[in-house]
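Colleague: Structure for the following, please:
(chains A and B)
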Amino acid sequence: GAVVSQHPSRVICKSGTSVKIECRSLDFQATTMFWYRQFPKQSLMLMATSNEGSKATYEQGVEKDKFLINHASLTLSTLTVTSAHPEDSSFYICSARDLPDTQYFGPGTRLTVL
Amino acid sequence: QKEVEQDPGPLSVPEGAIVSLNCTYSNSAFQYFMWYRQYSRKGPELLMYTYSSGNKEDGRFTAQVDKSSKYISLFIRDSQPSDSATYLCAMKGLGNTGFQKLVFGTGTRLLVSP
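Modeller: Numbers count the residues shown, from 1 in each chain, chains lettered A, B, ... in the order given. Just a heads-up that it's a prediction; the model follows:
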């Protein structure tokens, strides 16, 4: 199957700082990428849908000014958590859409905000 | 009522057993059905992707879809300890405006003991 990478795999930061997470489709071009959040023992919650060259579409309840998404190329999308707080600590997972219509997930990024 | 219902488990079986994992759904618009496997602290891995009602087999895995009952299953034959993971069902509709987002079950935690 197609491969999606994420970087970093784990990040620890102080409260108030910003953290950027990268999501890359390694062997295919993805016009659409997705960002999910997952709390322990819970399922994935879609945060936003990212389309190359256009603004991201955020799910209800997700603050777009706090979670900045950029999809600058067909293989790269970034999620920036701005002014992170302890409640933002979570497992963030991206996925990329491959043709004909399948989503492949990255390995996830564990964010811990102190 | 959730759109997709899935028993969280855990489901404990001995090595070699046949495992049956299930999801029910309420939205008759769902047309595509997927099963993902997620190991602890990792991103979901696509196992099976089905569209029509019936069975689809891939190695030790069989996905079954019954649209009339709004019920999908994943069977694992000759289960191995390495199959121990959380299994997520996911589904989406066939939108006439393009891509439809995935709706996930909560995931069933499977434990296969040696």
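Colleague: So for whatever residue of chain A ends up closest to chain B, what's the pLDDT?
Modeller: Residue nearest to chain B within chain A: residue A:105 (4.0 Å; C-beta to the nearest C-beta). Using the backbone N, CA and C atoms, a C-beta is placed for each residue, glycine as well. What the model reports as pLDDT for residue A:105 is 94.
Colleague: That one touches residue B:39, doesn't it?
Modeller: No: Residue A:105 is beyond contact range of residue B:39, at 11.7 Å (criterion: C-beta atoms under 8 Å).
Colleague: Where does the prediction get shaky in chain B?
Modeller: Residue ranges of chain B with pLDDT under 70: B:94-99.
Colleague: now do chain A
Modeller: A:1, A:100.
Colleague: how far away is the most centrally placed residue in it from residue A:66?
Modeller: Taking C-alpha atoms, centre = their mean as the criterion, residue A:35 is the residue nearest the geometric centre of chain A, at 3.7 Å. Residue A:35 sits at a distance of 12 Å from residue A:66 (criterion: C-beta to C-beta, to the nearest Å).
Colleague: Now do the SS call for the residue nearest to the centre of chain A.
Modeller: strand (DSSP: H, G, I helix; E, B strand; the rest coil).
Colleague: the strands in the chain, which residues?
Modeller: If you meant another chain, say so; for now it's chain A. Here chain A has its strands, by DSSP state E, at A:4-7, A:10-13, A:19-25, A:32-38, A:44-51, A:57-58, A:67-73, A:76-81, A:90-98, A:102-105, A:109-113.
Colleague: actually chain B
Modeller: Using DSSP E, strands in chain B cover B:4-5, B:11-14, B:19-25, B:30-38, B:45-50, B:54-58, B:61-66, B:71-76, B:85-93, B:103-104, B:108-113.
Colleague: hmm, who's touching the fifth one?
Modeller: In other words, strand B:45-50. Identification of contacts with strand B:45-50 by C-beta atoms under 8 Å, 6 or more residues apart in numbering or on different chains yields A:1, A:102-105, B:32-39, B:56, B:58, B:61, B:63, B:65, B:72, B:74, B:87.
Colleague: Now which of these would you call buried?
Modeller: A:103-105, B:32-38, B:61, B:63, B:65, B:72, B:74, B:87 (16 or more other C-beta atoms under 10 Å in any protein chain shown).
Colleague: Chain A against chain B: which residues are in contact?
Modeller: A:1, A:4, A:6, A:32, A:34, A:41-44, A:46, A:49, A:91, A:93, A:95, A:97, A:101-108, A:110 (C-beta under 8 Å from any C-beta of the partner chain).
Colleague: Would you mind listing which of the residues you listed are buried?
Modeller: Members of the residues of chain A next to chain B classed as buried by 16+ other C-beta under 10 Å are A:4, A:6, A:32, A:34, A:43-44, A:46, A:49, A:91, A:93, A:95, A:97, A:103-108.
Colleague: For chain A, give me its nearest residue in chain B.
Modeller: residue B:43 (4.0 Å).
Colleague: Just give me the neighbour total for that residue.
Modeller: 23 (other C-beta atoms under 10 Å in any protein chain shown).
Colleague: contacting residues around the residue nearest to it when sequence neighbours are not counted?
Modeller: Nearest residue to residue B:43, sequence neighbours excluded (C-beta to C-beta, 6 or more residues apart in numbering or on different chains): residue A:105, at 4.0 Å. By C-beta under 8 Å, 6+ apart, the contact set of residue A:105 is A:4, A:93, A:94, A:95, B:36, B:43, B:44, B:45, B:46.
Colleague: How about residue A:84?
Modeller: A:13, A:15, A:16, A:17, A:18, A:19, A:111, A:113.
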